[in-house]
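>>> Sequence isn't available, so here's the structure alone:
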């Protein structure tokens, strides 16, 4: 017999594989307490099926009670232990004892005995008189009742018995809970009061009314020059200047675009020529020689050019032959483009008198190769700075303008400064990408439109009758910048506006006369206002009674002023 041991966490698939791989016909699987394989009868059926297909005799060895019962149900022999390599302690499956009719009758008779109950409580039991008689007829015969007959005696009729009195004959109290009528009345009263209060709250707070009154006015054109000064200045201005300042910082990754040639430098020889003087010319090492296409080479060692053969004929000189010498040169930069042959070179830095008369010719260089690397160039760093600063500047400006949202912002009165900038690498660093960080500050100058309108109205109203006032709508304001001193926070403005001269009215008093009134009475009250033209009532919800909202907070009053040319302003 081949014995297979398993862990608690082993799956049934592993057990199936090992049974299939077992070499002997008799196989015992040892399963510990709580094994996953024993948790499902399906697992054990799979094991039994596998053993049958493999033509092997399978037994289970375990102390798990649930596993034992499940194994025996699927027909797998169960043992309790392994003793000297053999299974022992076989467990036998218990067969349920048959239930005889007489035993069933005794049980049913016991369940039908009288039960003492409290009056008013319904007791359900089976009407089993017919069944008892049938059991009497079957008593003593060989047939047996079904195993579940005691739990669910099929065919028994369910009846309901209601006891009206207890054992002493007195009427017993019902166990059913009943609410006394007095409490019911209280509950109903509370519900009615709550409904009334809820209706009142909805009537008071829920409805909204917007009343738009149109009055006639007299048009007034306004043009003024004003001084706007920062409150920090110790000067008096017509209106205050709003200064908002916002800092914005950020970082961004950029790609490197620079290149560096790390190939070999070309080298070779050149002929140095002296057409300048009969005296020899000394050329120090390191002298730069420039070809006609701009490529530059460096003299490798000190060189001396012999003097030229020059004869004098009268007042003129004649060059008979040039002084020449060979010298070694090396390209300033690597690259195969410095492999050249032929041409003429100039000596960089030579005196003006010798220029064109001391030079190099017949250059011949080779060995230059090209191999480029990606590097961060200074141009990359400068471009990254410009890009990041511009992005942060736009964000800082937007935030500053947002803070001054109630005012009129002057774009030309905006100052931006770069507080800090740094790059993660320096110029000429071999790297594919780099990070730039920056911080900028944006200052925006603005004025409060409402303050401006009030100032203009006060300025103009000084010439009006006491019962008149000037109304200026913000959308009629035209503001232009005359002069600017950003450092000192001073602006000179030219302002144009269209105002309306109207008769003074107390809006709070008008609203108090309208609250809670029906639409007809409200219209009559509004028509009494001076220079009245029209009124419109708008209700929310629209199905609400044609009555104004009953509270001050639920009523909104708007006043519009119109001119004869149909221009208007609104309050």
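Noted; the coordinates are in hand. What you are looking at is a predicted structure, and each value in this text was computed from that prediction instead of being measured.
>>> remind me which residues of the stretch 101-250 of the chain are low pLDDT?
101-179, 199-206, 232-237 (pLDDT under 70).
>>> 90 instead?
101-191, 194-210, 215-246 (pLDDT under 90).
>>> try the stretch 251-400 of the chain
259-262, 310-319, 371-373, 393-394, 396-400.
>>> where do the strands sit along it?
For the stretch 251-400 of the chain, the strands defined by DSSP state E, counting those that start in this stretch occupy 258-261, 265-274, 281-283, 288-291, 296-299, 303-305, 309-313, 316-321, 323-334, 344-347, 358-366, 372-376.
>>> Between those strands, which one is closest to residue 13.
Among those, the nearest to residue 13 by Cβ to Cβ is strand 372-376 (55.4 Å). Using the backbone N, CA and C atoms, a C-beta is placed for each residue, glycine as well.
>>> buried stuff in that closest one?
For strand 372-376, the neighbour count (16 or more other Cβ atoms under 10 Å) marks 375, 376 as buried.
>>> what are the bridge partners for residue 313, then?
residue 316 (DSSP bridges).
>>> what's the burial count for it?
Neighbourhood size, residue 313 [other Cβ atoms under 10 Å]: 7.
>>> any idea how far it is from residue 278?
15 Å (Cβ to Cβ, to the nearest Å).
>>> got it, and residue 180?
On the measure of Cβ to Cβ, residue 180 and residue 278 end up 145 Å apart.
>>> So which of the strands of the stretch 251-400 of the chain is nearest residue 192?
Closest among the strands of the stretch 251-400 of the chain, using Cβ to Cβ: strand 372-376, at 83.3 Å.
>>> in its sheet, what does the closest one sit against?
Partners of strand 372-376 in the sheet, by DSSP bridges, are strand 258-261 (antiparallel), strand 429-430 (antiparallel).
>>> got the contact list for that strand?
Contacts with strand 372-376, where a contact means Cβ atoms under 8 Å, 6 or more residues apart in numbering, come from 256, 258-262, 423, 425-432, 434.
>>> Name the secondary structure element that contains the most centrally placed residue in the chain.
Geometric centre of the chain, nearest residue: residue 250, 18.5 Å, by Cα atoms, centre = their mean. Following DSSP states H and E, one finds residue 250 within strand 239-255.
>>> helices and strands around that strand, which ones?
Where contact means 3 or more Cβ pairs under 8 Å, 6 or more residues apart in numbering; DSSP states H and E, strand 239-255 is packed against strand 218-229, helix 378-403, strand 407-423, strand 433-448, helix 449-461.
>>> now the angle from the shortest one to strand 433-448?
Read it as strand 218-229. Note on geometry: by axes from the mean of the first three to the mean of the last three Cα atoms, to 10 degrees, strand 218-229 and strand 433-448 are set 130 degrees apart in direction.
>>> So in that sheet, which strands flank strand 218-229, and in what orientation?
Checking strand 218-229 against DSSP bridges gives partners strand 239-255 (parallel), strand 490-503 (antiparallel).
>>> what's the angle between it and helix 449-461?
120 degrees.
>>> can you pull the buried residues of strand 218-229?
218, 220, 222, 226, 227, 228, 229.
>>> got a list of contacts for it?
Contacts of strand 218-229 (Cβ under 8 Å, 6+ apart): 235-241, 447, 452, 455-456, 459-460, 470, 472, 482, 489-502, 563, 565, 567.
>>> the inter-axis angle of it versus strand 407-423?
Going by the same axes, to 10 degrees, strand 218-229 makes 30 degrees with strand 407-423.
>>> Please renumber the chain so that the first residue is 34 from this point on.
Right, with 34 as the first residue, what we last looked at is strand 251-262.
>>> so who does residue 510 touch?
441, 482, 485, 486, 528, 529, 530.
>>> Quick check: the third one touching residue 528?
Yes: shown here, residue 485 and residue 528 form a contact pair, counting by Cβ atoms under 8 Å, at 6.8 Å.
>>> who's more crowded, those two?
Neighbour count, other Cβ under 10 Å: between residue 485 and residue 528, residue 485 has more, with 25 against 22.
>>> which residues does the residue nearest to the more buried one when sequence neighbours are not counted contact?
Among residues not flanking residue 485 along the chain, residue 272 sits closest, at 5.8 Å (Cβ to Cβ, 6 or more residues apart in numbering). Neighbouring residues of residue 272 by Cβ under 8 Å, 6+ apart: 259, 260, 261, 480, 481, 484, 485, 488.
>>> Out of those, which two sit at the greatest distance?
260 and 481 (14.5 Å).
>>> Please consider this matter closed, and thank you.
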